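Chemist: Got a predicted structure plus its sequence, pasted below:
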Amino acid sequence: MSFEEDAQRELARRELELRACRADPCRLISHMVGVNQRDGTRFTFEHLRRPLREGEVALDGRTVRPSERSWRWQRWLAETAFSAKRLIVLKGRQIGATWVLLAVDVAEAVLLPDTTSLIYRQREEDAIDNIRRWWMLYQSLPEYLRYGTEVVTPTREALRPGTSGVVLRHPDGRFSEIVPMTSAAASGHGRTVRRVLLDEAAHIERLADIGAAVAPAAGNAAIAIVSTAKGRSNLETGEGNEFHRRWVDSDESGYRAVFLPYDVHPDRDSDWYETAKEVRELRIHQRQEQFPRDEHEAFALSDALYFDPDDLIEYRKRVRPPLYRLDFVEPKDHTKLVLGAKAHPLRWTADTGYRARANKLGGAIRIFEEPVVGHRYAIGADPATGSGADYSAAYVVDLSTMALVCEFRGKLSEDLFAGQLHYLGRTYGRDVPADPKDPSSRPGFARLAVETGGGFGNAVIAALRDRTAGRPAYGNLHRNRFDNRPDAPSAKPYGFPMNSATRSKVFNQISAAVRERTLPYVSDNLLHEMEDFIVAEVGVSPRARDGAHDDCVLAAAITLEMYRLHGQHPNQHRPRSRRGTLVGLGRE
């Protein structure tokens with residue numbers, strides 16, 4: 001074969017590769033090379049070249065679970081970074097997540113002219129270090145895969161980037177700019193950008209100010225926030241660690257949340273965790289932050305927790321993601337009850353004949369198990385105003401298994417919360433008979449206990465009983481029972497009054513369920529709040545840590561009280577008949 005034929009063949013191969021890399025930017029990243037800054041060894045991204053096989057990387061809730069020990073999960077992260085407009089990544093140390101996100105930015109810079117990206121760190125020297133990593137990846141590309149871009153900044157005399165970042169000129173004369181940014185309050189304000197990367201965001205002191213500055217400029221651009229954990233936030237006041245607040249509120253703010261545990265690194269497993277010097281020499285809270293096994297451990301603190309830490313560790317293994325999420329929408333007003341909703345609503349028809357719709361794309365209701373024929377259910381609800389810091393929360397419990405099969409957590413006014421509870425009670429109440437002790441009870445409604453201690457519950461109960469909204473009055477509302485009286489009578493008012501006596505009773509139920517580990521699983525929201533639920537030295541106790549929420553804990557506690565009263569208890573004592581037990585009194 002002649003030299004000219006070899007050259008033509010090489011040109012054809014390069015043209016095919018250019019087209020393939022433009023169609024699949026992960027393939028372009030696979031040509032890049034980085035350097036481990038700890039020991040100077042080089043590493044490649046060749047493992048990103050092939051598309052992922054089905055099941056090769058799975059998500060367990062928000063946790064990435066590779067099917068085999070390899071770096072292939074980085075392909076999944078790169079694909080997610082390219083597609084997600086808002087991404088927040090909680091990670092363990094030294095797993096290469098920042099390198100992947102920098103490589104994503106390099107690929108976009110050479111493929112998308114006339115764009116700017118901002119790369120943030122807390123300190124200027126760290127921001128420059130990331131720009132130099134970016135530069136290393138760009139320089140490692142074969143020249144023909146730089147798509148004709150030329151380097152304007154840094155100049156040849158400078159050799160490598162500094163505070164001015166990197167500027168590339170494209171063949172058509174347009175530019176790509178990559179700018180290192182620091183934690184200055186208004187930095188980035190006014191720039192129109194393609195991508196914003198906030199690296200080690202938990203350590204950026206003015207992250208909230210930066211977010212407020214860059215969000216308007218970002219518009220439809222991508223924002224990626226990545227970090228190890230560093231403390232918690234005060235969700236009520238906004239004080240504390242902003243990265244934690246953004247992680248907890250990711251559903252509300254539209255961020256795709258991804259957790260990368262310590263063992264996505266293919267050389268790490270439980271034995272490594274128990275023996276590695278770099279892990280064992282850390283204090284417990286540092287170990288949890290830097291090499292987290294689950295997302296809850298990453299933010300865990302060790303003060304006067306109400307629930308035993310060992311039990312919380314067990315329930316971190318039992319977090320169940322929802323099958324789907326929804327809101328109920330009443331047919332006469334297709335927007336009134338929807339929380340998120342540009343999604344197409346799906347029809348749900350109750351056996352009773354009247355209709356509501358269920359919007360299954362997002363929503364405040366999380367379904368973990370659908371209703372099972374023959375099972376009975378009860379609901380506990382903790383209302384809020386819908387306009388303050390607190391959330392309204394509710395759980396549905398399967399009275400056969402103690403499973404909390406459904407969760408509501410959202411901010412709605414009392415009448416709208418009542419509408420969601422009504423349809424939730426009808427959905428799970430189809431096999432619930434009328435209560436023979438309550439003349440107002442009707443079949444087809446799950447038993448519903450609404451907390452009334454704060455006053456908001458009375459408004460919810462009024463809306464549940466009011467027929468003016470086009471719904472029949474709710475047919476199975478709980479009345480408080482006086483267990484300290486021999487006849488255990490029920491109170492006349494509807495609702496579950498929360499006071500010092502009932503508070504102790506309901507928290508005993510959830511405490512026992514967690515301690516004895518009889519709850520089959522918990523939700524993400526519930527576990528987050530359990531980890532912030534403390535024994536306080538002054539004031540109401542137990543309660544949420546200052547600035548945290550306990551709406552889900554309180555709703556779950558009331559729901560488990562409904563299980564105590566109406567559920568199936570395998571170990572329940574059943575008194576034996578007195579017939580045949582007395583000797584010498586004429587009985588056998």
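Modeler: Looks like it came in fine.
Chemist: For Val396, which three-state class applies?
Modeler: At Val396, secondary structure determined by DSSP: H, G, I helix; E, B strand; the rest coil is strand.
Chemist: Quick check: it touching Ile379?
Modeler: Yes: in terms of C-beta atoms under 8 Å, Val396 counts as a neighbour of Ile379; the distance is 5.2 Å. Heads up, the C-betas are built off the backbone N, CA and C, glycines and all.
Chemist: what sits in contact with each of those two?
Modeler: With contacts taken as C-beta atoms under 8 Å, 6 or more residues apart in numbering, Val396 and Ile379 have 424, 428, 446, 559 as neighbours in common.
Chemist: so, if you compare these, which one comes nearest to Glu281?
Modeler: The shortest distance between Glu281 and any of those, using C-beta to C-beta, involves Thr559 and amounts to 43.3 Å.
Chemist: give me the low-pLDDT residue ranges for the stretch 401-550 of the chain?
Modeler: Across the stretch 401-550 of the chain, the ranges flagged by pLDDT under 70 are 437-438, 440, 482-491, 537-538.
Chemist: still on that earlier bit, show me the shared contacts of Val396 and Ile379 that map onto helices.
Modeler: 424, 559 (DSSP state H).
Chemist: Export the shared contacts of Val396 and Ile379 as JSON lines, with columns for neighbour count and distance to Gly547.
Modeler: JSON lines is the format used below for the shared contacts of Val396 and Ile379 (neighbours: other C-beta atoms under 10 Å; distance: C-beta to C-beta, whole Å):
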{"residue": "Leu424", "neighbour count": "23", "distance to Gly547": "29"}
{"residue": "Tyr428", "neighbour count": "28", "distance to Gly547": "33"}
{"residue": "Ala446", "neighbour count": "27", "distance to Gly547": "33"}
{"residue": "Thr559", "neighbour count": "28", "distance to Gly547": "25"}
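Chemist: a markdown table for the shared contacts of Val396 and Ile379, including distance to Glu157?
Modeler: Supplementary listing: the shared contacts of Val396 and Ile379 in a markdown table, determined by distance: C-beta to C-beta, whole Å:
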| residue | distance to Glu157 |
| --- | --- |
| Leu424 | 68 |
| Tyr428 | 72 |
| Ala446 | 75 |
| Thr559 | 69 |
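Chemist: and Val396 and Ile379? which has more neighbours close in?
Modeler: Val396 (31 against 27; other C-beta atoms under 10 Å).
Chemist: For the stretch 101-250 of the chain, give me the ranges with low pLDDT.
Modeler: For the stretch 101-250 of the chain, applying pLDDT under 70 flags the ranges 185-191, 217-218, 235-237.
Chemist: And the helices in it?
Modeler: Taking DSSP state H, counting those that start in this stretch as the criterion, the stretch 101-250 of the chain contains helices spanning 124-140, 207-218, 242-248, 250-253.
Chemist: Could you say which of those helices is packed most deeply?
Modeler: Ranked by average neighbour count under the criterion mean count of other C-beta atoms under 10 Å, the helices of the stretch 101-250 of the chain are headed by helix 242-248 at a mean of 23.
Chemist: a strand runs through Phe328, doesn't it?
Modeler: Yes: following the definition three-state DSSP, Phe328 is counted among the residues of a strand.
Chemist: Tell me, how many residues neighbour the nearest residue to it once chain neighbours are set aside?
Modeler: When the adjacent residues along the chain are set aside, Phe328 lies closest to Tyr423, with 3.9 Å between them (C-beta to C-beta, 6 or more residues apart in numbering). Close neighbours of Tyr423, defined as other C-beta under 10 Å, add up to 23.
Chemist: Test my guess that Tyr423 contacts Val329.
Modeler: No: taking contacts as C-beta under 8 Å, Tyr423 lies outside contact range of Val329: 9.1 Å.
Chemist: Just the CA atoms of the lengthiest helix in the chain, as CSV, please.
Modeler: Longest helix in the chain by number of residues, with DSSP H as the criterion: helix 3-23. Listed in CSV are the C-alpha atoms of helix 3-23, where the atom choice follows Å, rounded to 0.1, in the frame of the first residue of the first chain:
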residue,chain,number,x,y,z
PHE,A,3,2.1,6.3,1.3
GLU,A,4,-0.7,8.3,-0.4
GLU,A,5,-3.2,5.4,0.2
ASP,A,6,-2.2,5.2,3.8
ALA,A,7,-2.7,8.9,4.2
GLN,A,8,-6.1,8.8,2.6
ARG,A,9,-7.1,5.9,4.8
GLU,A,10,-6.0,7.8,7.9
LEU,A,11,-7.9,10.9,6.8
ALA,A,12,-11.0,8.8,6.3
ARG,A,13,-10.6,7.2,9.7
ARG,A,14,-10.2,10.6,11.3
GLU,A,15,-13.3,12.0,9.5
LEU,A,16,-15.3,9.0,10.8
GLU,A,17,-14.0,9.6,14.4
LEU,A,18,-14.8,13.3,14.2
ARG,A,19,-18.3,12.5,13.3
ALA,A,20,-18.6,9.8,15.9
CYS,A,21,-17.3,12.2,18.7
ARG,A,22,-19.6,15.0,17.6
ALA,A,23,-22.6,12.5,17.8
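Chemist: ok, and what's touching that helix?
Modeler: The contact list for helix 3-23 (C-beta under 8 Å, 6+ apart) reads 1, 27-28, 31, 111, 144-145, 147.
Chemist: average pLDDT across that helix?
Modeler: Looking at helix 3-23 alone, the average pLDDT works out to 92.
Chemist: List the buried residues in it.
Modeler: Buried residues in helix 3-23, defined by neighbour count with 16 or more other C-beta atoms under 10 Å: 17, 21.
Chemist: which is the next helix or strand following that helix?
Modeler: The first helix or strand that comes after helix 3-23 along the chain, using DSSP states H and E, is helix 25-29.
Chemist: Near Ser504, how many other residues are there?
Modeler: Residues within reach of Ser504, counting by other C-beta under 10 Å, total 10.
Chemist: quick one: it is in a helix?
Modeler: Yes: the assignment for Ser504 is a helix, going by three-state DSSP.
Chemist: do you know how far it is from Gly92?
Modeler: With the distance defined as C-beta to C-beta, to the nearest Å, Ser504 ends up 40 Å from Gly92.
Chemist: And for Pro161, the neighbour number?
Modeler: Pro161 has 23 neighbouring residues, counting by other C-beta under 10 Å.
Chemist: Check the one 10 residues further on too.
Modeler: Neighbour count for Pro171, taken as other C-beta under 10 Å: 10.
Chemist: The nearest residue in space to it that is not next to it in sequence and Arg169, how far apart?
Modeler: What sits nearest to Pro171 in space, not counting adjacent residues and going by C-beta to C-beta, 6+ apart, is Gly148, at 4.0 Å. Distance, Gly148 to Arg169, using C-beta to C-beta: 9 Å.
Chemist: More neighbours: which of those two?
Modeler: Arg169 (16 against 13).
Chemist: What is the burial count for the closest residue in space to that one that isn't next to it in sequence?
Modeler: Sequence neighbours aside, Glu150 is the residue nearest to Arg169 in space, at 4.7 Å (criterion: C-beta to C-beta, 6+ apart). By the other C-beta under 10 Å criterion, the neighbourhood of Glu150 contains 10 residues.
Chemist: I'd guessed Glu150 sits against Val166; true?
Modeler: No: under the criterion of C-beta under 8 Å, Glu150 is not in contact with Val166, lying 11.6 Å apart.
Chemist: okay, the closest residue to Leu145 other than its chain neighbours: pLDDT?
Modeler: In space, and not counting its chain neighbours, Leu145 is closest to His31: 5.6 Å by C-beta to C-beta, 6+ apart. Note for His31: predicted pLDDT of 98.
Chemist: likewise the one 4 residues further on?
Modeler: Looking at Val35, its pLDDT reads 93.
Chemist: Give me the spatial nearest neighbour of it, chain neighbours excluded.
Modeler: For Val35, the spatially nearest residue (C-beta to C-beta, 6+ apart) is Arg42, at 5.6 Å.
Chemist: go on, Phe43?
Modeler: Looking at Phe43 with C-beta to C-beta, 6+ apart, the closest residue is Gly34, at 5.5 Å.
Chemist: and Gly148, how far is that from Pro113?
Modeler: Using C-beta to C-beta, we find Gly148 at a distance of 10 Å from Pro113.
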